[in-house]
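**Student:** turn this into a model:
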Amino acid sequence: MQIIMKLLRASLAAFSAISWLFFCFSTSVVMMPGSASARVYLDITQAQIQKLPFAIPPFLNSKSPGQLQQIGQDMSDYLGKALELHGFIALIPQAAKINKHEYDWHSLGAAYTVLGTYEIVQNSIVVEFRLLDAYKNFLEFSRRYQGQSANYHPVLQKFCDEVILHLSGEAGISSSKIAFVSTQTGVKEIYLANVIGDEIRQVTKNNYLALSPRFSPDATQLAYTSYHSGNPNLYITDLAQDKSTVLFSRRKGLNMTPAWAPDGKTMVLTLSKDGNPDLYLVDNTSKILKRLTNGVGINVSPSFAPDGNRIAFVSDRSGSPQIYVLDLTTNTTRRITFTGVYNTTPDWSPKGDLIAYSGKEGAYFQIFTVNADGNNVKRVTDNQSDHESPSWSPDGRQIVFSEKTAISQKIVTILLNGSKRHILFDHLKGEQSMPQWSNRTPL
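**Tutor:** Numbering: from 1, shown residues only. Below you'll find the model as predicted:
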């Protein structure tokens, strides 16, 4: 946010002058649709989480189950990574060395076991999965999926997210993506990656400054600001077609920090066409429908509530950047952060109850959450580095942000309770910043 505020002011000058019992503390009971019995889901939102141990041996070729092939090991490894990223599952390493499915998995300490077999037919792969309760030696459920043999990851993601749904009552997030800014080429450009971090591609290739990527609600489009034409214009790229990019807004001055409404029909932008950076509601053709703020301080970084009726944003109208909430139905605005003198980059949780933001505490910026009404401020991060640009995972259980130290700037995820800090894209050169987490993508 500091970068954005500096760019805003600079541009204004230019243009205007867990073991099997590990969840004993709390569970929720939810009736399964179409079932006469209730299912007890594990509550993974508690402050103290012991991880659930999983055994995932190599997948076996159904035509030659006695011969371990590299693809079977790769599938096991990928599924393990996908499950682990949810924060409450831990893999048992010994299971990866056991080249058979008939085994006493509970003797390894496993609560659950995933057994997979596959068959490759021409360009297709058919994978069969079984989720077993290792303690009871009971089949929880099984699935059979078909995909492309050249890219079987979506098949594994689909099963992973069903396992998470089975355990927690909410689908997993392994199909989601993260957009971010990277200086890997020496210039800040937009990149896109799957949440596991092993499939990364460069979206912008203009060799010019690009900032603030934002996903459409269905995660099929990505909006961002690029300076390559000389003006900070807003572009939208169709992620299914690498070269399908449109110039969405090229008004004089700033065109940046877009936020799509949940229905995907409108967007809120920061524009400075009249001198001051203000928020405007526009339709899908970029036609201005309404000016939302009017010349009182710098107004940036909008984020829609899931109900589509409110936006959180940053304004320095009080003398320093703070978080405000604008009710679009009543056109009333109220400030919700009063602790700290520099609070920025709000992001509304997908559940609608919390807003994450970056706030300066002492010498460093930390990630905080606050209730939508401004109450109950909680700090999520606590190490001595700057934490900026928080964005929620689609299940509302994790936050991604950029962490800047004296020697590097990386993209990091963390559970809402402050545990399981995990660095993404650590192998990339340069600095990474401004992450944005997508909704789940169709598989």
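
**Student:** just the element for the residue nearest to Glu199 when sequence neighbours are not counted, please.
**Tutor:** Leaving aside its sequence neighbours, Glu199 sits nearest to Ala193 (CB to CB, 6 or more residues apart in numbering; 6.3 Å). C-betas here are computed from N, CA, C, even on glycine. Counting by DSSP states H and E, the element that carries Ala193 is strand 189-194.

**Student:** which other helices and strands contact that strand?
**Tutor:** Counting contacts by 3 or more CB pairs under 8 Å, 6 or more residues apart in numbering; DSSP states H and E, strand 189-194 is packed against strand 177-182, strand 200-202, strand 210-215, strand 221-226.

**Student:** of those, which is nearest Ile164?
**Tutor:** strand 177-182 (17.0 Å; CB to CB).

**Student:** picking that back up, by how many degrees do the strand holding Ala193 and strand 177-182 diverge?
**Tutor:** 150 degrees (axes from the mean of the first three to the mean of the last three CA atoms, to 10 degrees).

**Student:** each with direction, which strands does strand 189-194 pair with?
**Tutor:** Paired strands of strand 189-194, with direction, are strand 177-182 (antiparallel), strand 200-202 (antiparallel) (DSSP bridges).

**Student:** right, and those strands - which one's nearest Ser358?
**Tutor:** Using CB to CB, the strands paired with strand 189-194 put strand 177-182 closest to Ser358, at 15.2 Å.

**Student:** tell me which residues of that closest one come out buried.
**Tutor:** Buried residues in strand 177-182, counting neighbours by 16 or more other CB atoms under 10 Å, are found at 177-182.

**Student:** do stretch 347-367 as well
**Tutor:** 347-350, 354-361, 365-367.

**Student:** span of it from start to end?
**Tutor:** 11 Å (CA to CA, to the nearest Å).

**Student:** quick revisit: now the strand holding Ala193: average pLDDT?
**Tutor:** Throughout strand 189-194, pLDDT has a mean value of 96.

**Student:** now swap in stretch 428-443 and tell me
**Tutor:** 91.

**Student:** export stretch 277-292 as PDB, just CAs?
**Tutor:** Only the C-alpha atoms of stretch 277-292 are listed here, as PDB (Å, rounded to 0.1, in the frame of the first residue of the first chain):
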ATOM      1  CA  PRO A 277      -8.300   9.900  -6.600                       C
ATOM      2  CA  ASP A 278     -11.900   8.800  -5.900                       C
ATOM      3  CA  LEU A 279     -14.000   5.700  -6.200                       C
ATOM      4  CA  TYR A 280     -16.400   5.200  -9.100                       C
ATOM      5  CA  LEU A 281     -18.900   2.400  -9.900                       C
ATOM      6  CA  VAL A 282     -18.700   1.300 -13.500                       C
ATOM      7  CA  ASP A 283     -20.400  -1.400 -15.600                       C
ATOM      8  CA  ASN A 284     -18.800  -4.000 -17.800                       C
ATOM      9  CA  THR A 285     -18.400  -1.600 -20.600                       C
ATOM     10  CA  SER A 286     -16.500   0.800 -18.300                       C
ATOM     11  CA  LYS A 287     -19.400   3.300 -18.300                       C
ATOM     12  CA  ILE A 288     -19.500   5.300 -15.000                       C
ATOM     13  CA  LEU A 289     -22.700   4.600 -13.200                       C
ATOM     14  CA  LYS A 290     -21.900   6.500 -10.000                       C
ATOM     15  CA  ARG A 291     -19.200   8.500  -8.300                       C
ATOM     16  CA  LEU A 292     -18.900   7.000  -4.800                       C
END
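
**Student:** report pLDDT for Ala240.
**Tutor:** The model's pLDDT for Ala240 equals 80.

**Student:** so who does it touch?
**Tutor:** Thr220 (CB atoms under 8 Å, 6 or more residues apart in numbering).

**Student:** equivalent analysis for Val246, please.
**Tutor:** 235-236.

**Student:** wait, Leu279 sits on Asn294?
**Tutor:** No: in this structure Leu279 lies outside contact range of Asn294 using CB atoms under 8 Å: 9.4 Å.

**Student:** these two: who's more crowded?
**Tutor:** Leu279 (23 against 10; other CB atoms under 10 Å).

**Student:** what is that one paired to in the beta sheet?
**Tutor:** On the basis of DSSP bridges, Leu279 is bridged to Thr270.

**Student:** list the contacts of it.
**Tutor:** Leu279 sits next to 268-270, 291-293, 299-300, 302, 311, 313, 326 when contact means CB under 8 Å, 6+ apart.

**Student:** which of the residues you listed fall in strands?
**Tutor:** 268-270, 291, 299-300, 302, 311, 313, 326 (DSSP state E).

**Student:** I'd like those as JSON lines, with distance to Lys410 appended.
**Tutor:** Shown next, in JSON lines, are those (distance: CB to CB, whole Å):
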{"residue": "Val268", "distance to Lys410": "29"}
{"residue": "Leu269", "distance to Lys410": "29"}
{"residue": "Thr270", "distance to Lys410": "26"}
{"residue": "Arg291", "distance to Lys410": "38"}
{"residue": "Asn299", "distance to Lys410": "29"}
{"residue": "Val300", "distance to Lys410": "24"}
{"residue": "Pro302", "distance to Lys410": "26"}
{"residue": "Ile311", "distance to Lys410": "29"}
{"residue": "Phe313", "distance to Lys410": "27"}
{"residue": "Leu326", "distance to Lys410": "33"}
